[in-house]
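**Q** Make a model of this:
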Amino acid sequence: VSGGEDEIQQLQKALLDYLDENTETDASLVFSRKFYVAQWFRDTTMETEKAIKSQKDEDSSEGTHHAKDVETTGQIMHRAENRKTFLRSIIKTAPSQFSTLKMNSDTVDYEDACLIVRYLASMRPFAQSFDIYLTQ
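**A** Numbers count the residues shown, from 1 in each chain. Model prediction:
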């Protein structure tokens with residue numbers, strides 16, 4: 001996975017599909033599925049707010065407003081809306097209907113699901129700044 005936006009959404013779909021397929025054997029996976037969707041939605045909102053705030057801070061420190069900055073703000077908003085649209089479509093889909101939205105005919109097994117969770121967790125800000133916390 002190259003870490004692009006589309007790859008992240010494919011991994012999220014695969015993980016949610018795995019959770020949906022195994023809800024019959026473990027009822028707690030329904031909660032896990034809802035938790036992940038809510039967390040990803042929250043992360044998208046927080047990332048967007050931070051990016052826009054940092055750009056406003058840069059604009060005020062420079063004293064001028066560049067068209068390039070407006071374009072990047074628009075790109076940030078567009079990317080966030082795409083993520084939110086994806087997550088809203090997942091929320092609106094009943095868990096029993098989610099299996100029809102499979103990205104591949106292949107199913108994700110337990111080891112793959114663990115690997116996906118580890119990768120997605122490594123993308124979170126806390127995991128990326130863990131070395132800073134350890135040195136402090």
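**Q** where does the chain have low pLDDT?
**A** 1-5, 59-71, 94-106, 126-128, 130 (pLDDT under 70).
**Q** try it again with 90
**A** 1-34, 38, 40-41, 43-136 (pLDDT under 90).
**Q** Need the single longest helix in it, by residues.
**A** Determined from DSSP state H, the single longest helix within the chain is helix 28-62.
**Q** helices or strands up against that one?
**A** Counting by 3 or more Cβ pairs under 8 Å, 6 or more residues apart in numbering; DSSP states H and E, the packing neighbours recorded for helix 28-62 are helix 5-21, helix 67-92. No exception for glycine: its C-beta is placed from N, CA and C like everyone else's.
**Q** Return the set of buried residues in the first one.
**A** Counting neighbours by 16 or more other Cβ atoms under 10 Å, one finds that the buried residues in helix 5-21 are 8-9, 11-21.
**Q** quick one on the thing from earlier: run the angle between the longest helix of the chain and helix 67-92 for me.
**A** 170 degrees (axes from the mean of the first three to the mean of the last three Cα atoms, to 10 degrees).
**Q** How about the contacts made by the most centrally placed residue in the chain?
**A** Nearest to the mean C-alpha position of the chain, by Cα atoms, centre = their mean, lies residue 40 at 4.3 Å. Residues near residue 40 by Cβ atoms under 8 Å, 6 or more residues apart in numbering: 12, 83, 87.
**Q** which of those residues lies closest to residue 46?
**A** Closest approach between these and residue 46, by Cβ to Cβ: residue 83, at 11.8 Å.
**Q** can I assume that closest one is in contact with residue 44?
**A** Yes - using Cβ atoms under 8 Å, residue 83 makes contact with residue 44 at a distance of 4.5 Å.
**Q** Between these two, which is the more surrounded one?
**A** Neighbours were counted for residue 83 and for residue 44 using other Cβ atoms under 10 Å; residue 83 has more, 21 against 18.
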